[in-house]
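Novice: predicted structure and sequence below. I'll ask about it afterward.
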Amino acid sequence: MRLDRLISNQPQYSHRTARCLIACGRVSVNGVVLRDTQAVVDRFASVRIDDLLLRAGQASLYFMLHKPIGYLSATSDSTHPTVLDLFEPGLRAHLHIGGRLDRNSSGLLLLTNDGLWSRRLTEPRIKIPKVYHVTTAEPITADAPALFAAGIHFAFEGLTTSPALLQSLGPCEARVTIYEGRYHQVKRMFHAVGGRVVSLHRERMGDIVLDPELAPGESRPLTGAEIRSVSPDIAKSG
Ligand code: URA
């Protein structure tokens, strides 16, 4: 959609005002000031006038966050800071989490206002791989990869996890790929094979890799390609 139209679609801005704001350098798209009133922006772009984030009509929001340790994957909590605290107030009410991480886990967390998209991300039937870097207190036993591949029985739920991949990176270090997102899944799988996880960091969900440019606590909008990697039927632009 053209930038001037996108702004003037908001009731408070006439078309003339929109063009003036752009020409004056007060409008940024994905953090870059654009002065071309006819620039075309896609529906996933974040558009600001000065410091105000403009919500473009029905625009969907998709972010990756480098979750720091110590933050809860929740929308609010009276005791601990939540990952939503790491977003500006105007966004907080709109976002929900697609695939939680424990408070003491770090790494890739995806947040969106698109419920169908986040459901695809977490739906066990769709089998989106989630990749974790794990360190353990004790050396990982030689039989652990085969036990993970066979599935670990969780007595509480009365189920066996689907086959998971455990790649050794050192005596107490591994990369683990799972295809579900059950409660404390990775920690409980290690516990079942006699291990104790001391650090857990999510590197990847499907084709979406944690951006190495993001320091803990930082986030960025997903690219169109990242969004479509979860849900290919989302249109390229709107
Ligand atoms: N598995 C866990 O045990 N914890 C997480 O945060 C994610 C996966």
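Specialist: All right, it came through fine.
Novice: ends of stretch 121-138, what's the gap?
Specialist: For stretch 121-138, the first-to-last residue distance is 32 Å (CA to CA, to the nearest Å).
Novice: what packs against the least confident helix or strand in the chain by mean pLDDT?
Specialist: In the chain, no helix or strand scores lower on mean pLDDT, DSSP states H and E than strand 52-54, which sits at a mean of 79. Taking 3 or more CB pairs under 8 Å, 6 or more residues apart in numbering; DSSP states H and E as contact, the helices and strands that strand 52-54 lies on are strand 47-49, helix 89-92. Every residue, glycine included, has its C-beta placed from N, CA and C.
Novice: which positions within the longest one qualify as buried?
Specialist: Okay, so that is helix 89-92. 91-92 (16 or more other CB atoms under 10 Å).
Novice: what do you get for the first one?
Specialist: Within strand 47-49, the residues that qualify as buried are 47, 49, counting by 16+ other CB under 10 Å.
Novice: where does this structure dip in pLDDT?
Specialist: Applying pLDDT under 70 to the chain flags residues 11, 42-44, 55-59, 233-238.
Novice: could you list the domains of it?
Specialist: Listed by automatic domain parsing, the domain ranges of the chain are 3-55, 59-123+211-231, 129-205.
Novice: using CSV, lay out the ones you listed together with distance to the ligand.
Specialist: Compiled in CSV, those are given as follows (distance: least, CB to the nearest ligand atom, whole Å):
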stretch, distance to the ligand
domain 3-55, 27
domain 59-123+211-231, 3
domain 129-205, 3
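Novice: and the contacts of the host helix or strand of Leu109?
Specialist: In this structure, Leu109 is located in strand 106-112 according to DSSP states H and E. Judged by CB atoms under 8 Å, 6 or more residues apart in numbering, the contacts made with strand 106-112 from elsewhere in the structure are 60-69, 73, 83-84, 87, 95-101, 118, 121, 132-133, 199-205, 208-210, 216, 219, 222.
Novice: hmm, Lys67 is touching Leu101, no?
Specialist: Yes. With the criterion set as CB atoms under 8 Å, Lys67 and Leu101 qualify as a contacting pair; they are 5.4 Å apart.
Novice: which neighbours do the two share?
Specialist: Residues touching both Lys67 and Leu101 comprise 73, 107, 109, 202, with contact defined as CB under 8 Å, 6+ apart.
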